[in-house]
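Give me a model of this one.
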Amino acid sequence: MFLKDLNKLTKKDLIGKIICFPTDTVYGVGCILGDDAALEKIYELKNRDLSKPLAILVPSSDSIIPFIKDCPSVAKEYMDKHWPGALTIIFNKKEGICDSFTKGLSTIGFRMPNSKVALEVLNKFGPLATTSVNISNNPPLNNLDDIIKYFGDKIDYIIEDKETVSEVSSTIVNVSNGTPIILRQGDIKL
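Numbers count the residues shown, from 1 in each chain. I've put the predicted structure just below:
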């Protein structure tokens with residue numbers, strides 16, 4: 001499927017489905033937030049530890065407002081400087097946010113990718129719970145032929161538009177206590 005075909009789909013078409021697309025870092029698989037059936041499929045596809053939450057990709061920094069309790073000034077600085085880009089930021093989540101995609105944690109992680117393809121997907125369907133395309137603890141797959149070979153029968157929609165990916169996962173920083181803590185170092189140095 002190409003982006004031009006994506007425009008024929010509605011959000012309803014993604015219910016219970018997994019979508020794969022390139023981001024600026026690695027290829028990702030994602031699903032609509034709150035879609036527990038599709039989320040379960042992602043965990044099965046990756047053989048991922050059920051206690052590990054997925055990050056949420058967003059089309060804009062404003063997209064995080066309904067989900068977070070507060071935005072520390074350091075997080076605002078990071079977003080202004082590095083979004084869109086390869087930086088995942090972990091915040092305190094608001095009360096009442098669904099535990100299924102945060103796995104019961106009081107925190108929630110977001111990233112706004114610097115990718116035309118990913119942003120078009122996100123603008124069309126809204127924020128998506130996402131992760132890299134791979135079996136957990138193995139390197140991400142960043143070649144469409146490999147993704148189709150290993151996961152083609154498990155992924156419902158694969159966006160085939162070509163885009164350069166860095167093949168380096170995002171930097172992850174936790175700002176939930178107001179002081180930044182680097183959890184994973186990627187290309188962005190904080």
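
And the helices in the chain?
Secondary structure of the chain (DSSP state H): helices located at 3-6, 36-46, 73-82, 116-125, 144-151.

for this structure, what spans make up the strands?
Listed in chain order, the strands found in the chain under DSSP state E are 19-22, 27-32, 55-57, 87-92, 107-111, 128-132, 157-158, 171-174, 181-184.

what about the nearest residue in space to I64 that is not next to it in sequence, neighbour count?
Nearest non-adjacent residue to I64, counting by Cβ to Cβ, 6 or more residues apart in numbering: F110, 4.9 Å away. For every residue, glycine as well, the C-beta is placed using N, CA and C. The number of residues packed near F110 is 22, by other Cβ atoms under 10 Å.

So in terms of bridging, what pairs with F110?
Per DSSP bridges, the residues bridged to F110 are I56, I89.

May I see the strands of the chain arranged in JSON lines, with distance to N142 and mean pLDDT as well?
What follows is the strands of the chain, written out as JSON lines (distance: least, Cβ to Cβ, whole Å; pLDDT from 0 to 100):
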{"stretch": "strand 19-22", "distance to N142": "8", "mean pLDDT": "96"}
{"stretch": "strand 27-32", "distance to N142": "5", "mean pLDDT": "96"}
{"stretch": "strand 55-57", "distance to N142": "16", "mean pLDDT": "96"}
{"stretch": "strand 87-92", "distance to N142": "18", "mean pLDDT": "98"}
{"stretch": "strand 107-111", "distance to N142": "17", "mean pLDDT": "97"}
{"stretch": "strand 128-132", "distance to N142": "9", "mean pLDDT": "96"}
{"stretch": "strand 157-158", "distance to N142": "13", "mean pLDDT": "96"}
{"stretch": "strand 171-174", "distance to N142": "18", "mean pLDDT": "98"}
{"stretch": "strand 181-184", "distance to N142": "17", "mean pLDDT": "96"}
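
Return the per-residue confidence for D161.
You'll see D161 listed with a pLDDT of 88.

With G34 instead?
So G34 comes in at 89 (pLDDT).

burial count for it?
13.

contacting residues around it?
Residues near G34 by Cβ atoms under 8 Å, 6 or more residues apart in numbering: C98, S100, F101.

Now render those residues as CSV, adding neighbour count.
Formatted as CSV, the contacts of G34 follow (neighbours: other Cβ atoms under 10 Å):
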residue, neighbour count
C98, 12
S100, 15
F101, 23
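
Show me what the most centrally placed residue in the chain bridges to in the sheet.
Nearest to the geometric centre of the chain sits T130, at 3.2 Å (Cα atoms, centre = their mean). Taking DSSP bridges as the rule, T130 bridges to G30, A55.

hey, which helix or strand in this protein has the poorest pLDDT?
Within the chain, no helix or strand scores below helix 3-6, which has a mean of 88 by mean pLDDT, DSSP states H and E.

sorry, back to before: which one of the strands of the chain lies nearest to P72?
strand 87-92 (8.0 Å; Cβ to Cβ).
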